[in-house]
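A.B. asks: Using only what follows, build the 3D model:
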Amino acid sequence: MTLKLNMSIIIFVIVASLISVALATLGTATFYTSYVPSACYGNQNNGVMIAAASDPLYGNGAVCGKVFKVTCTGPTNPVPHPCTGKSVVVKIVDHCPGCGGTLDLSREAFATIANPVAGIIKIDYHQ
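C.D. replies: Have a look, this model is predicted:
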């Protein structure tokens, strides 16, 4: 009985991991340093683990307040190995019309997942 239960748990964890990876969306990330005011919350301070969404993701503010897990997957320029191997969870608080990436992360969020010297990185992200 215990062996069957353990095998069931292992299979569940593997399937859940595969689903999580399958649901990730590819994109790019940049960073910014001025967090207030924001398009979603005006002058309200939302901390530093935040992000601004590009035009396609922003959807007239529909993404405001949503939380995304973001992981660096590689460089977009000659900076070798910018990724730290960590992921970060950010709340969408702003809109970055015409920005150079899918998500414009706070500098602190960007530095958690990549070397800021890279400036722009490839990412996976999901809600």
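A.B. asks: what's the nearest residue to Leu23 if we skip its chain neighbours?
C.D. replies: In space, Leu23 comes closest to His126 once its chain neighbours are excluded; the distance is 5.0 Å by CB to CB, 6 or more residues apart in numbering. Just so you know, the C-beta spots here come from the backbone N, C-alpha and C atoms, and that holds for glycine as well.
A.B. asks: do Ile123 as well
C.D. replies: Counting by CB to CB, 6+ apart, Ala29 is the residue found nearest to Ile123 once chain neighbours are left out, at 4.7 Å.
A.B. asks: Was I right to think that neighbour contacts Asp104?
C.D. replies: Yes. With contacts counted by CB atoms under 8 Å, Ala29 reaches Asp104, the gap being 7.3 Å.
A.B. asks: neighbour count winner among these two?
C.D. replies: The neighbour comparison of Ala29 against Asp104 (other CB atoms under 10 Å) goes to Ala29, with 30 against 23.
A.B. asks: Quick check: that one vs Gln44, distance?
C.D. replies: Applying CB to CB, to the nearest Å, the value for Ala29 to Gln44 is 23 Å.
A.B. asks: Which strand or helix spans the spatially most central residue of the chain?
C.D. replies: If you average the C-alpha coordinates of the chain and look for the closest C-alpha using CA atoms, centre = their mean, you land on Val70, 2.5 Å from that point. Using DSSP states H and E, the element containing Val70 is strand 67-75.
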